[in-house]
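Q: 3D, please:
(one chain, ligands or ions: 1)
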Amino acid sequence: MQLNVETLSLVNGCQALALALMLWFGTRGGSTHAINGLRLRAVALLLEGSADLILAFASKVSPIFVLLVGNTLNLSAQAVTIVALRMVLQRRLCWREAILLGIGGWLGVTYLSTAHPDYLLRVLWGSFFLACNCTLNIMALWGGCRKPDTRAQCLLMWTYVLSVALLVWRNIWLWAVPTPPPGIDTPALINTIYVLLFGIQPLFASVGFLLLYNEILQRGLHELARIDPLTGVINRLGLLEASEALVTRARNRREPIGVLLIDADHFKSINDRFGHDDGDRVLLELVANIRRMLRAGDLVGRVGGEEFLVLSPSVESSDLMALAERIRGAVERSSFFIAGQRCELTVSIGAAIADSDELDLMAARRRADIALYEAKRAGRNCVMTATP
Ligand SMILES: Nc1nc2c(ncn2[C@@H]2O[C@H](COP(=O)(O)OP(=O)(O)OP(=O)(O)O)[C@@H](O)[C@H]2O)c(=O)[nH]1
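A: Predicted structure coming up:
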C-alpha cells in the first residue's frame, strides 16, 4: 500500500468535511453557548478540510496558491478553534489573541514563501504559531482538568499537548537531517508521518469537543437536579447526598452534627398581601440572612416551600442553640420594603443534635421537626430544641 502525501491529504480533507457537516447539521436548532461553540468548530473543520484538499491536488495548481491559500485556511481554522473551544467552556473568547496569532503566522509564512523563500524557516515559523494556538487551548482546558469529573476535558487537553509535541518533533527532524525535503508535498517519510498524524488531529479534537459538550451537559443536569432554582441553595436530593458525606465524616471523627429546621412564620399572609412574586423575593432575603449567619462547613438546603434545613457539623447543643438564635434574630431584625410597604418576617426554628453513632440524620431531622412544631405552638418567632 502506498501512503503518499496527496492520498493522505485527500482522506484527511474528506474526513474533516464530513465531520464539519455532521457537527453543523447535528447541532442545528440549538442556540446555547456550547452549541454555538460546536458550530464554530464545524466552521474550523470546513477550513481545515479545504486546506487538506488543496494539498491533495497540489500538483494541479500553482505552488504559491497551495502555500498561501492552504496556510491561510489552516491558520484561520486554528484561530476559529480557539474561540469555539472557549465558547463550549463558557470562558472569555480571546478573539483578539486568536486573530493576532493568525495574522502573525500568516505574515511570516507569506514572507518566507515569496520575498525570502526558505522552507525550514517557514515550517519553523508556522509551527511556532500553531503551537501558540494549541497552548491557548491547553490553557483554556488546564484549569478544569484539576476538578473532578472532567475526563473529556483532560482528553482534549492531551490531544493539543500531543499536537505541540508533533510540531516540535517535525522541526527537530527537519533541522537534524542532512537533506531535508524541500516541501510538504515531496515524497518523504517525515512528510507522510506528519500529514498522517496532523490529519488525524481534527478527528480526535472533534470527538474531544463532543465529549466535552456531553460532560458539560451532564454536569449542568446534575446541578439542576440538586439546586433549588429560586433560592440557589441545594434541594432535598442535594441535602440527602451532602448529609451522607457529612455523616460519614462525623462518624469517623466521632463528632455530632447539628440540625436546624427553619420555617417562615405566616408566610401565606405575606403572599396574600404582596403577591407570589414579592413572596419569592422575601424567600431570597430569608436565605441570604440564614447564609450570613452560617460558619464555613455549614450547609443550608430548601426542604419545602418556606422551610429550610441547616446542617452544622461538630457543634455542641449550646453552639447550635446560639446559631439558631442568631438566625432567628437576624431574620427578625431585617426589614423588607415591598412597594413602599414594610414587610416583617420571622422564623420558627426546631433544633436537634445527631450523635456521632447515629446511622443517618433522619432521626435527628424528625426530632427537629417536633421541636419546630413546638416552636409554632409556642407562638412562633422562637427556637425550640428537641429532647433526645
Ligand atoms: N412566594 C412563594 N410562596 C411559597 C413558595 N412555596 C410555598 N409558598 C407559600 O408558603 C405558604 C405556606 O403556608 P402555610 O404552610 O400555611 O404556612 P404559613 O402561612 O407560613 O404559616 P405557619 O407556617 O403556620 O407559620 C403557602 O401560601 C405557599 O403558597 C414559593 O416558592 N414562593
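Q: who in the stretch 151-300 of the chain is up against the ligand?
A: Applying C-beta under 6 Å from any ligand atom, we find that the stretch 151-300 of the chain lies next to the ligand at 230, 263, 264, 265, 266, 267, 268, 271, 276, 279, 280, 283. The way it works is simple: take the backbone N, C-alpha and C, and place the C-beta from them, glycine included.
Q: hang on, the last one packs against residue 228?
A: No. Using C-beta atoms under 8 Å, residue 283 makes no contact with residue 228, being 9.7 Å away.
Q: quick one, which of those two is more surrounded?
A: residue 283 (21 against 17; other C-beta atoms under 10 Å).
Q: That one and residue 349, how far apart?
A: Separation of residue 283 from residue 349 (C-beta to C-beta, to the nearest Å): 16 Å.
Q: Residues in a beta bridge with residue 264, which ones?
A: Beta bridges link residue 264 to residue 347, judged by DSSP bridges.
Q: and it, what does it touch?
A: Residues in contact with residue 264 (C-beta atoms under 8 Å, 6 or more residues apart in numbering) are 270, 282, 283, 286, 306, 307, 345, 346, 347.
Q: one more time with 10 Å
A: With contacts defined as C-beta atoms under 10 Å, 6 or more residues apart in numbering, residue 264 is in contact with 270, 279, 282-283, 286, 305-308, 331, 345-348, 380.
Q: List only buried entries from these.
A: 270, 279, 282, 283, 286, 306, 308, 331, 345, 347, 348 (16 or more other C-beta atoms under 10 Å).
Q: where in the stretch 1-150 of the chain is pLDDT low?
A: 1-3, 30 (pLDDT under 70).
Q: Apologies, that question was intended for the stretch 251-388 of the chain.
A: Checking the stretch 251-388 of the chain against pLDDT under 70 turns up 359, 388.
Q: Which parts of it are strands?
A: For the stretch 251-388 of the chain, applying DSSP state E, counting those that start in this stretch gives strands covering 257-264, 299-304, 307-313, 336-338, 341-343, 347-354, 383-385.
Q: can you redo these as a markdown table with distance to residue 11?
A: Listed next are these as a markdown table, based on distance: least, C-beta to C-beta, whole Å:
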| stretch | distance to residue 11 |
| --- | --- |
| strand 257-264 | 61 |
| strand 299-304 | 55 |
| strand 307-313 | 58 |
| strand 336-338 | 67 |
| strand 341-343 | 70 |
| strand 347-354 | 64 |
| strand 383-385 | 73 |
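Q: Now for residue 140, how many residues are close by?
A: Other residues close to residue 140 by other C-beta under 10 Å number 21.
Q: dump the residue contacts of it.
A: 82, 85, 86, 88, 89, 91, 92, 94, 153, 156, 157, 160.
Q: Secondary structure element for it, which one?
A: helix 119-145 (DSSP states H and E).
Q: Quick check: next helix or strand after that helix?
A: Trace forward from helix 119-145 with DSSP H and E and the next one is helix 151-176.
Q: That following helix - contacts with which helices or strands?
A: helix 63-89, helix 119-145, helix 189-226 (3 or more C-beta pairs under 10 Å, 6 or more residues apart in numbering; DSSP states H and E).
Q: And the ones you listed: which comes nearest residue 175?
A: helix 119-145 (6.4 Å; C-beta to C-beta).
Q: Give me the distance between that closest one and the centre of its chain.
A: How far helix 119-145 lies from its chain's middle: 22 Å, per C-alpha atoms, centre = their mean, to the nearest Å.
Q: which of the helices and strands packed on helix 151-176 sits most buried?
A: helix 63-89 (a mean of 21; mean count of other C-beta atoms under 10 Å).
Q: got the angle between that one and helix 151-176?
A: Put simply, helix 63-89 runs at 150 degrees to helix 151-176, going by axes from the mean of the first three to the mean of the last three C-alpha atoms, to 10 degrees.
Q: Could you check how far residue 322 is from the ligand?
A: 23 Å (C-beta to the nearest ligand atom, to the nearest Å).
Q: So that residue is in contact with residue 315, correct?
A: Yes. Using C-beta atoms under 10 Å, residue 322 is in contact with residue 315, at 9.0 Å.
Q: Tell me the one of the contacts of residue 264 nearest residue 239?
A: residue 308 (9.8 Å).
Q: give the contact list for that closest one.
A: With C-beta under 10 Å, 6+ apart, residue 308 has these contacts: 228, 231, 233, 239, 260-264, 283, 286-287, 290, 300-302, 327, 347, 349.
Q: Could you rerun that using 7 Å?
A: The contact partners of residue 308, by C-beta atoms under 7 Å, 6 or more residues apart in numbering, come to 262, 290, 300, 301, 302.
Q: Show me which of those residues is closest to the ligand.
A: residue 302 (8.6 Å; C-beta to the nearest ligand atom).
Q: still on that earlier bit, please indicate which of the residues of the stretch 151-300 of the chain next to the ligand are buried?
A: 263, 264, 265, 267, 271, 279, 283.
Q: So the third one is in contact with residue 349, correct?
A: No. Taking contact to mean C-beta atoms under 7 Å, the distance of 10.5 Å between residue 265 and residue 349 leaves them out of contact.
Q: So which of the residues of the stretch 151-300 of the chain next to the ligand sit within helices?
A: 267, 268, 271, 276, 279, 280, 283 (DSSP state H).
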